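S.K.: take a look and give me a structure for this.
(one chain, ligands or ions: 2)
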Amino acid sequence: MADASTTKPLRIGLAGLGTVGIGVLRLLEENRTTIEARAGRALQVVTVNARDKTKDRGFDLSGMAWADDMVDLASRDDVDVVAELVGGSEGPALDLTRAALASGKGVVTANKAMIAHHGLELAKLGAANGAALKFEAAVAGGIPVVKGLREGASANRIERIYGILNGTCNFILSEMEKSGADFADVLKEAQEMGYAEADPSFDIGGIDAAHKLAILASIGFGAQIDFDAVATSGITEVRAADIAQAKALGFVIRLIGVADCDIGEAGTSRMLQRVRPCLVPKRHPLAHVTGPTNAVVAEGNFSGRLLFQGAGAGEGPTASAVVADIIDIARGDIGAPFSLPVDDLVHMAPADPGGRVGRDYIRFTVSDRPGVLAEITAAMRDAGVSIESLIQQGRESAGSEVLVAMVTHEGPERHVGKALELLDGSPSLTASPLVLPILRD
Ligand code: NDP
Ligand code: HSE
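M.R.: Residues are numbered from 1 along each chain as shown. Ligands and ions are numbered 1, 2, ... in the order given. Below you'll find the predicted structure:
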């Protein structure tokens, strides 16, 4: 290992002094001795930038220069590596990252939105200029899952990756389960605790999890990242009644991202990437993941099932992942951002979900009058869906709305779609049905 006292320091330009940026400064200060011993050289944050120069951030920035324009960090002679901790798929974060990679400076980022949208282009730019692009913190905060897949599991063929990828949603769903509290109150708590994105619709709409899933699928399958192909739905339609029904049936509800790789004839592999609230059997390890914790499962053909679990958000865990990437760069590790040289990543077209076989929970909201259940079950029969169980909640008053919750036997997904088409527009349904897949063990 190089001697930290004799090798040139790695000089860092850091953009973004919010939760993650300040966390990185604190970690570098508090664990300096350990970090520099592992990096083999000193790490110095020489320049910083954020929107507001006058804001008190509870950290002494006086030893660091202030860059008025964050993109200038890329062209400064006293900066070797840029830490982009601002966020946003477009705008100054992207401008800075492009400029830094183009000028041969490594970039460490926590920005999953930017990597999901522009990862391939940025990886090409880095490769062309010999610059590292690292984004461990972009997926599942403090859990070293990017490294785990790219390095630890690199000898395996991975055909399925899935998990709980959004701490805010997991916090909301598990709090609703525990306390019966309303969605809106729990979301507010998640925002106050710093888990939620600046725009929380990215969290509750499943988009943040989709960003992370697209990154994991690319690394795990050696595929060109394809965020647009992720079929995404969030948790806003999940009601307390669904959580209660799921519990009665032996499940919990979690927002799950699943990526499958169908290996076809040479060069014809396809990916199916989906983020949806799912019913998780209580015996499954993901059912026990509560609060803002994230967990990722990867199935390798030699390693078997790997489970990565830990804090998916927050200052300390996210800073831990950012600094680990900086240490790698300090050691001279450039690496392939998505596990394969960027020109070898293959384009995988989206797979057709219709033929997949699975079980579903379906919640209908119906007018409580004679014939309604017969209409629903007839549609199931005509579409070839076999019903495993069916629960109707007691009504509050004659003729009022009630919930009917159904669990199907295993069958092709397209059959459930066909049943819902048959029921579309039926006056018996007072709202669109909600379909939640049941995660297989
Ligand atoms: P914050 O909102 O806490 O901080 C963002 C920082 O960026 C602020 O310092 C802000 O400046 C600065 N900033 C925003 N826009 C501009 C701009 N146009 N020009 C200059 N500076 C700007 O965000 P986080 O720290 O939570 O997140 C940063 C990144 O890390 C994001 O990509 C996020 O997705 C990712 N991430 C966050 C996690 C977390 O737990 N928070 C976990 C994993 C990833 P100012 O303070 O002056 O307003
Ligand atoms: N908003 C994200 C979450 C932060 O809730 O998981 C970590 O990426």
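S.K.: what residues does the stretch 151-300 of the chain put near ligand 1?
M.R.: Residues of the stretch 151-300 of the chain found near ligand 1 (C-beta under 6 Å from any ligand atom) are 194, 197, 198. C-beta: built from backbone N, CA, C; applies to glycine.
S.K.: which secondary structure elements does the helix or strand hosting residue 34 contact?
M.R.: Assessed by DSSP states H and E, residue 34 sits inside helix 32-39. With contacts taken as 3 or more C-beta pairs under 8 Å, 6 or more residues apart in numbering; DSSP states H and E, helix 32-39 sits against strand 43-49, helix 315-330.
S.K.: please redo it, this time with the cut-off set to 10 Å
M.R.: When contacts are defined as 3 or more C-beta pairs under 10 Å, 6 or more residues apart in numbering; DSSP states H and E, helix 32-39 sits against helix 19-30, strand 43-49, helix 315-330.
S.K.: how many neighbouring residues does the residue in the stretch 151-300 of the chain positioned nearest to ligand 1 have?
M.R.: The minimum distance from the stretch 151-300 of the chain to ligand 1, using C-beta to the nearest ligand atom, falls at residue 198 (5.2 Å). Per other C-beta atoms under 10 Å, the neighbour tally for residue 198 reads 9.
S.K.: make sure it is indeed in a strand.
M.R.: No. Counting by DSSP: H, G, I helix; E, B strand; the rest coil, residue 198 falls outside a strand, being coil.
S.K.: unless I'm mixing things up, it is touching residue 87, no?
M.R.: Yes. If you go by C-beta atoms under 10 Å, residue 198 and residue 87 touch, sitting 6.6 Å apart.
S.K.: save the helices and strands packed on helix 32-39 as CSV, and put in distance to ligand 2 and mean pLDDT too.
M.R.: Formatted as CSV, those follow (distance: least, C-beta to the nearest ligand atom, whole Å; pLDDT from 0 to 100):
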stretch, distance to ligand 2, mean pLDDT
helix 19-30, 9, 97
strand 43-49, 22, 97
helix 315-330, 7, 97
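S.K.: among these, which is the most enclosed?
M.R.: By mean neighbour count, with neighbours taken as mean count of other C-beta atoms under 10 Å, helix 315-330 ranks first of the helices and strands packed on helix 32-39 at a mean of 23.
S.K.: touching ligand 1 at all, it?
M.R.: Yes. Remark: helix 315-330 sits within contact range of ligand 1 at residue 318, by C-beta under 6 Å from any ligand atom.
S.K.: so that it lines up with my notes, have the first residue be 11 from now on.
M.R.: With 11 as the first residue, the last one maps to helix 325-340.
S.K.: tell me what angle that helix forms with helix 42-49.
M.R.: Orientation check (axes from the mean of the first three to the mean of the last three C-alpha atoms, to 10 degrees): helix 325-340 against helix 42-49 gives 40 degrees.
S.K.: which residues do residue 208 and residue 97 both contact?
M.R.: residue 28 (C-beta atoms under 10 Å, 6 or more residues apart in numbering).
S.K.: of the residues of the stretch 161-310 of the chain next to ligand 1, closest to residue 244?
M.R.: Compare each of these with residue 244 using C-beta to C-beta and the shortest gap goes to residue 207, at 12.4 Å.
S.K.: what does residue 292 show for phi and psi?
M.R.: When read as degrees, to the nearest 10, the backbone of residue 292 gives phi -60, psi -20.
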